[in-house]
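>>> Take a look and give me a structure for this.
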Amino acid sequence: MILRLKRGGGPAEIQALRSRIESEGLRVYQSPECLRPILAIVDKVPEALAADLLQSPQIEETTQPKTAWRLVAREFRDSRTQIDLGGVRIGDDTVVVIAGPCSVEGRDLIEETARSVADSGAHILRGGAFKPRTSPYAFQGFGVEGLRQLKDAGEKFGMPVVTEIMDAADVPAFVDHDIDCLQIGARNMQNFRLLKAVAVAGRPVLLKRGLSSTVEEWLYAAEYLAAGGCHDIILCERGIRTFETATRNTLDLTVLPLLAELTHLPVIVDPSHAAGIARLVAPLSRASIAAGAAGVAVEVHPRPHEARSDGPQALLPGELTGVVADARIQAAISGRQLA
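Numbers count the residues shown, from 1 in each chain. Alright, predicted model coming up:
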């Protein structure tokens with residue numbers, strides 16, 4: 001049950017209501033919503049308590065969400081979530097472009113790539129320091145040294161950074177290196193121990209959809225983060241596994257208008273991992289923003305043929321400039337603007 005309180009209620013009144021609910025052994029969370037106090041009861045509410053709450057003068061409206069998740073439900077916020085990621089605003093009326101190589105391959109190359117990302121007008125630098133690879137013999141990333149090189153490149157060219165975390169034990173290293181946004185990759189979307197550890201890191205989280213995960217499973221994973229105390233969650237559609245083999249995955253753009261109904265969280269799209277083919281990234285980026293995405297995350301490399309991972313899906317720097325220009329146009333068409 002979600003309780004939308006009347007505006008103007010003081011902290012003492014809200015706490016008294018929370019205490020009344022918690023005295024019944026129920027868990028209750030308060031929205032960070034600034035327009036009005038909103039409480040979510042995540043356990044089944046006894047009929048007697050529900051009747052009392054309906055009569056409470058503090059409560060303007062009670063809502064029973066259509067879904068089983070609560071904290072990421074659309075009803076839990078009056079306004080949609082907006083996230084400040086290192087000075088870049090994500091959500092609502094802005095569109096962002098995240099770009100960088102699949103993996104951090106060395107200090108010189110990440111700085112060369114970061115320069116091209118900044119020159120293109122993109123906003124956030126991506127790059128993998130810890131790489132989950134299907135083959136145990138493939139390049140696994142430079143680990144902590146990769147974090148250091150990525151962060152240094154971001155600071156040098158004035159961009160926040162996002163990179164994937166694979167193990168709960170690595171959270172301190174990501175925090176120590178001041179990584180602006182922690183990414184949960186598709187393979188780890190339902191790694192619940194990792195979700196709980198990342199939730200308390202005090203950083204925005206980019207949550208990618210699992211390879212074969214339903215929308216419900218994806219939002220439950222986001223609920224783990226929210227229940228753990230993380231309010232700055234960005235969902236990322238990156239293609240799902242289907243019978244089709246012409247592309248790396250199948251990009252599911254149907255989730256964009258659907259998620260706009262189900263959750264208050266911003267959603268971005270990763271067309272690079274969806275297609276696996278560089279020439280398809282630009283049109284899929286345009287389609288994503290037209291369908292309502294809060295941004296796109298694409299891969300770029302100055303010499304894709306030399307890339308140690310995912311070279312075939314990486315854009316050239318000049319192609320990235322075109323993607324950013326298209327994003328600006330698509331944003332304007334939909335009444336938004338580039339971040």
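
>>> Let's verify the spatially closest residue to residue 289 that is not a sequence neighbour: helix, strand, or coil?
Leaving aside its sequence neighbours, residue 289 sits nearest to residue 330 (C-beta to C-beta, 6 or more residues apart in numbering; 4.0 Å). Where you see a C-beta, it was placed from the backbone N, CA and C, and this is true even at glycine. Secondary structure, DSSP: H, G, I helix; E, B strand; the rest coil: residue 330 is helix.

>>> any idea how far residue 26 is from residue 330?
44 Å (C-beta to C-beta, to the nearest Å).

>>> More neighbours: the two, which one.
Comparing residue 330 with residue 26 by other C-beta atoms under 10 Å, the one with more neighbours is residue 330, at 21 against 17.

>>> Surely the more buried one is in contact with residue 286?
Yes - using C-beta atoms under 8 Å, residue 330 makes contact with residue 286 at a distance of 5.6 Å.

>>> Just the buried residues of stretch 93-101, please?
94-101 (16 or more other C-beta atoms under 10 Å).

>>> what does the model give residue 332 for pLDDT?
With respect to pLDDT, residue 332 scores 96.

>>> what about the helices in the stretch 1-150 of the chain?
Counting by DSSP state H, counting those that start in this stretch, the stretch 1-150 of the chain has helices at residues 11-22, 47-55, 107-120, 144-156.

>>> Quickly note the distance from residue 140 to residue 308.
Counting by C-beta to C-beta, the gap from residue 140 to residue 308 is 10 Å.

>>> Same check on residue 322?
25 Å.

>>> same check, this time on residue 93
38 Å.

>>> repeat for residue 338
31 Å.

>>> for residue 228, same thing?
34 Å.

>>> quick one, domains of the chain?
2-64, 83-338 (automatic domain parsing).

>>> Look up the closest residue to residue 251, ignoring the ones flanking it.
Residue 251's closest residue in space is residue 274 (C-beta to C-beta, 6+ apart), at 3.8 Å.

>>> ok, the one you found touching residue 242?
No - taking contacts as C-beta under 8 Å, residue 274 lies outside contact range of residue 242: 11.1 Å.

>>> Which of those two has more residues huddled nearby?
residue 274 (24 against 11).

>>> what sits against that one?
237-239, 247-251, 284 (C-beta atoms under 8 Å, 6 or more residues apart in numbering).

>>> Next, check those residues against the helices and list the overlap.
residue 284 (DSSP state H).

>>> Give me the more crowded residue out of residue 322 and residue 308.
Neighbours were counted for residue 322 and for residue 308 using other C-beta under 10 Å; residue 308 has more, 18 against 14.

>>> quick one, phi psi at the more buried one?
Residue 308 has phi and psi values of phi -80, psi -10 when expressed as degrees, to the nearest 10.
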